[in-house]
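Q: Just a sequence and a predicted model for now, questions to come.
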Amino acid sequence: MAKDSRLILDPLTDNNPITIQVLGICSALAITAELEASIVMSISVLFVMGVGNVVISLMRNIIPSKIRIIAQLIVVATLVIIVDLVLKAFAYELSKTLSVFVGLIITNCIIMGRFEAFALGNGPYRSFLDGIGNALGYGIILIIVGFFRELLGSGTLLGIPVLGDPIEKTGLYALGYENNGFMLLSPMALIVVGIIIWVQRTRNKALIED
Amino acid sequence: MEHVELFFKSIFIDNMVFATFLGMCSYLAVSKKVSTAVGLGAAVIFVLAITVPLNWLLDQYILQPGALSWLGAEYASYDLSFLSFIMFIATIATMVQLVEIIVEKFSPSLYNSLGIFLPLIAVNCAILGGSLFMQSREIATLGLALNYGVGSGIGWFLAILAIAAIREKIRYSNVPAPLRGLGITFIITGLMAIGFMSFGGMLTGGDDEGKTEDKSAAIERIQEDVEQQETKPESDLELAENINK
């Protein structure tokens, strides 16, 4: 039981897919200018990874190893199509913001990595936990980056102004605070992730690379 | 001119790595040495140059709403665009497999030096991203699609070459221990991305026509205002005369 809980807890910090394994960064950075988009992306990946890991784990004994990449891609692509259609039906504006990045969940290396490294060798229940754990680890980084970029960049969280009104100069803006529009530009996502890695490795010296 | 513009745009302004963060995973994983970075970059250019035009054909003749009309009028209302993810990824996986077989046959030394990275191109987001952007930006002709594929491949190649060269040098500098390796690479990439953003000004020259039109429209508006002001006193006089009457 303790082993099973580690499947979920390990990827959250010390074995985080983004900051330690360097996987799934492509889609992680581009959509984090707003917290809402980060959350929706995390939920989408959570769904695709949880279900995908179970499906691959159930099929692991009947997939010939030579064509396993294509088989895995087809499973992921099917799940991503479901996510894409659901988003288009219920959150059309948001699906426009995410644009091609929903499709790019297919090539998210975390998903292929977990299929290869875990689901092909383990039962459905443990694979499900592993998928959920890694997707949560991915989601945490996305939400942290999205939180800081939206807060510092436009002074809002989930679209609600929390630092006061920049035009009428209330709240923090009355003290001379200005929004840092630079945070909304794409390069800052990289620098914020760099800082997260810095903080994480300062706290856990074992992770430092030589 | 359209071709030149798209080519420069896909290399510098919409650079896969710095503008849209595509292919970051292999960009970070394979950029420790310049030699492997060059090999992977070349393979990415090649695969993008094949898959983007192929997927353009698929999109144009099978997937788009109404694309099946070449089969007959009764098929014209079909919309298969929800299948594009599967079709694109299948094309890409097949092409990568083909490239692998060809490279192994004709240049075993290159095949060995690329090793595991060749099959990994199939899950490189830059490749699928190229096809998806080709679809969402509605690139008009097969030639432009080829151009876009090659251009974004070269952009990716440049990016990985640059970061690999920097990482080879940075080994000799005194980076804070927790930031070494991955952390500093992220921050350098961020700084490079800021640099690449300045290329955004390169193509505004194309908008000159629109700007002069705007100017002439503004001049006309001012002239109209002036004319109205000139006519105003007259009307005022007329009003006064009317009142007098």
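A: Right, received. Where do you want to start?
Q: Near residue 27, how many residues? Count them for me, please.
A: Picking chain A for this. Other residues lying near residue A:27 total 31 when counted by other Cβ atoms under 10 Å in any protein chain shown. (Glycine included, C-beta is placed from N, CA and C.)
Q: switch to chain B, that's the one I care about
A: 29.
Q: hang on, it is in a helix, isn't it?
A: Yes. Under DSSP: H, G, I helix; E, B strand; the rest coil, residue B:27 sits within a helix.
Q: quick one: pLDDT of the closest residue to residue A:108 other than its chain neighbours?
A: Excluding the flanking residues, the one nearest residue A:108 by Cβ to Cβ, 6 or more residues apart in numbering or on different chains is residue A:24, at 4.7 Å. Per-residue confidence (pLDDT) for residue A:24: 76.
Q: Can you show me the helices along the chain?
A: I went with chain A, as the question did not name one. A:2-9, A:25-30, A:35-59, A:68-90, A:92-98, A:109-117, A:124-154, A:186-203 (DSSP state H).
Q: oops, chain B please
A: B:2-8, B:16-20, B:24-29, B:34-58, B:84-106, B:108-114, B:117-120, B:125-136, B:142-170, B:182-197, B:208-244.
Q: Give me the helices and strands touching the second one, please.
A: To tie it back to what came earlier, the one meant is helix B:16-20. Other helices and strands packing on helix B:16-20, by 3 or more Cβ pairs under 8 Å, 6 or more residues apart in numbering or on different chains; DSSP states H and E, are helix A:186-203, helix B:125-136, helix B:142-170, helix B:182-197.
Q: where in the chain is pLDDT low?
A: Unless you meant another one, I'm taking chain A. A:1-2, A:209-210 (pLDDT under 70).
Q: My question was about chain B, not that one.
A: B:114-117, B:203-245.
Q: Please identify the most buried of the helices of chain A.
A: Among the helices of chain A, ranked by average contacts under mean count of other Cβ atoms under 10 Å in any protein chain shown, first place goes to helix A:25-30 (a mean of 28).
Q: As PDB, could you dump the C-alpha coordinates of that one?
A: This file holds the C-alpha atoms of helix A:25-30, laid out as PDB (Å, rounded to 0.1, in the frame of the first residue of the first chain):
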ATOM      1  CA  ILE A  25       7.800  20.700 -21.600                       C
ATOM      2  CA  CYS A  26       6.600  21.700 -25.100                       C
ATOM      3  CA  SER A  27       3.000  22.000 -24.300                       C
ATOM      4  CA  ALA A  28       3.600  23.000 -20.700                       C
ATOM      5  CA  LEU A  29       5.100  26.400 -21.400                       C
ATOM      6  CA  ALA A  30       3.100  27.800 -24.200                       C
END
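Q: Around the residue nearest to residue B:150 when sequence neighbours are not counted, how many other residues sit close by?
A: Counting by Cβ to Cβ, 6+ apart, residue B:49 is the residue found nearest to residue B:150 once chain neighbours are left out, at 4.8 Å. Counted by other Cβ under 10 Å, the residues lying close to residue B:49 total 21.
Q: Next up, the contacts around residue B:49.
A: B:146, B:149, B:150, B:153 (Cβ atoms under 8 Å, 6 or more residues apart in numbering or on different chains).
Q: do residue B:184 as well
A: A:194, B:170, B:175.
Q: and which of these is nearest to residue A:123?
A: Closest approach between the contacts of residue B:184 and residue A:123, by Cβ to Cβ: residue A:194, at 37.7 Å.
Q: just checking, that closest one touches residue B:179?
A: Yes. With contacts counted by Cβ atoms under 8 Å, residue A:194 reaches residue B:179, the gap being 7.5 Å.
Q: So for those two, which residues contact both of them?
A: Jointly contacting residue A:194 and residue B:179 under the rule Cβ under 8 Å, 6+ apart are residue B:187.
Q: about what we covered before: which one of the helices of chain B lies nearest to residue A:64?
A: Across those, closest to residue A:64 is helix B:84-106 (Cβ to Cβ), at 14.1 Å.
Q: Give the buried residues for that closest one.
A: B:84-93, B:95-97, B:99-100, B:103 (16 or more other Cβ atoms under 10 Å in any protein chain shown).
Q: Out of the residues you listed, which two sit at the greatest distance?
A: Farthest pair in the buried residues of helix B:84-106, by Cβ to Cβ: B:84 and B:103, 27.8 Å.
Q: Sounds good, over and out.
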